[in-house]
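# Structure for this input, please:
(one chain, ligands or ions: 2)
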Amino acid sequence: MHRISKIHDLLENDHTELDDLVVGTFAALDAADAAKIFESLDFFWARLGMHIRAEHLRLFPAVREIASRSQELAAIPKILDRLRDDHDFFMTELARAIKAMRLVFSFGNEAETFAVVRGILEAVVERLKEHNYIEEEQIYTLTTDEYLDNDAGAKLLASVQVELDRYPARFESRSKQ
Ligand SMILES: [Fe+2]
Ligand SMILES: [Fe+2]
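Numbering: from 1, shown residues only. Ligands and ions are numbered 1, 2, ... in the order given. Modelled structure (predicted):
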């Protein structure tokens with residue numbers, strides 16, 4: 001009935017929140033404030049990790065199942081594979097940025113490290129833009145009631161929400177704004 005499902009809405013809003021977090025990280029880089037950069041990058045990394053886990057563990061398997069029922073959706077598994085490769089890229093690159101920032105606290109080298117971190121973030125943001133667009137246009141759109149009955153839709157929504165609320169222990173006191 002609705003063009004945009006609740007799952008679609010939830011995950012697209014999370015994309016927007018992630019965009020805002022990365023803007024904050026760039027602002028910290030502009031200010032050359034090592035502690036702020038680390039804190040902001042670490043939080044962006046954690047939130048993106050939670051988003052990716054929700055997709056990887058909950059959404060993508062459901063979409064794969066939906067796609068398997070229809071010849072029209074034969075291209076979907078390939079798209080999901082590509083999106084999973086993007087996820088790996090994001091997490092590997094952000095881990096590299098975090099590691100570089102940790103070294104700053106031991107060894108200095110601030111200017112060089114900030115440039116490296118900025119370069120990594122720019123590459124992540126560029127790929128994330130296309131990635132999110134593909135998800136919003138081709139994947140999240142498969143969660144409407146055209147593809148999922150009420151019960152399955154509600155279960156999937158709840159399971160995605162659980163993952164999006166599952167903060168790593170170091171952020172447990174922090175709540176989503
Ligand atoms: Fe994704
Ligand atoms: Fe996503």
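# Was I right to think Ile7 contacts Gly153?
Yes. With contact defined as Cβ atoms under 8 Å, Ile7 counts as touching Gly153 (7.1 Å). Using the backbone N, CA and C atoms, a C-beta is placed for each residue, glycine as well.
# Show me the helices in the chain, by range?
Secondary structure of the chain (DSSP state H): helices at 6-30, 34-53, 60-68, 76-107, 110-134, 150-164.
# Now list whatever residues contact both of Ile7 and Gly153.
Common contact partners of Ile7 and Gly153 (Cβ atoms under 8 Å, 6 or more residues apart in numbering): Thr143.
# When the two are compared, which one has more neighbours?
Neighbour count, other Cβ atoms under 10 Å: between Ile7 and Gly153, Ile7 has more, with 25 against 18.
# Model confidence score at the most centrally placed residue in the chain, please.
Among the residues of the chain, the one closest to the centroid is Leu48, at 3.6 Å (Cα atoms, centre = their mean). Note on Leu48: pLDDT of 98.
# how close does it sit to Asp42?
11 Å (Cβ to Cβ, to the nearest Å).
# can you check Ala67 too?
Distance, Ala67 to Asp42, using Cβ to Cβ: 35 Å.
# residue ranges with poor pLDDT in this protein?
1-2, 175-177 (pLDDT under 70).
# what about 80?
Along the chain, segments meeting pLDDT under 80 span 1-3, 173-177.
# what residues are up against the residue nearest to the centre of the chain?
By Cβ under 8 Å, 6+ apart, the contact set of Leu48 is Leu18, Phe90, Met91, Leu94.
# For it, give its distance to Arg96.
Per Cβ to Cβ, Leu48 is found 14 Å from Arg96.
# Can you get me a residue count around the residue lying closest to Glu136 once chain neighbours are set aside?
Closest residue to Glu136 in three dimensions, ignoring its sequence neighbours and counting by Cβ to Cβ, 6 or more residues apart in numbering: Glu12, at 5.6 Å. Using other Cβ under 10 Å, Glu12 has 14 other residues around it.
# ok, Glu12 touching Glu137?
No. Between Glu12 and Glu137 there is no contact under Cβ under 8 Å: 10.6 Å.
# Distance check, Lys36 against Ala67.
Taking Cβ to Cβ, one finds Lys36 at 43 Å from Ala67.
# Quick check, Ser159 in contact with Arg58.
Yes. Using Cβ under 8 Å as the test, Ser159 is close enough to Arg58 to be in contact (4.6 Å).
# Show me which of those two is the more surrounded one.
Between Ser159 and Arg58, counting by other Cβ under 10 Å, Arg58 is the more crowded of the two (21 against 15).
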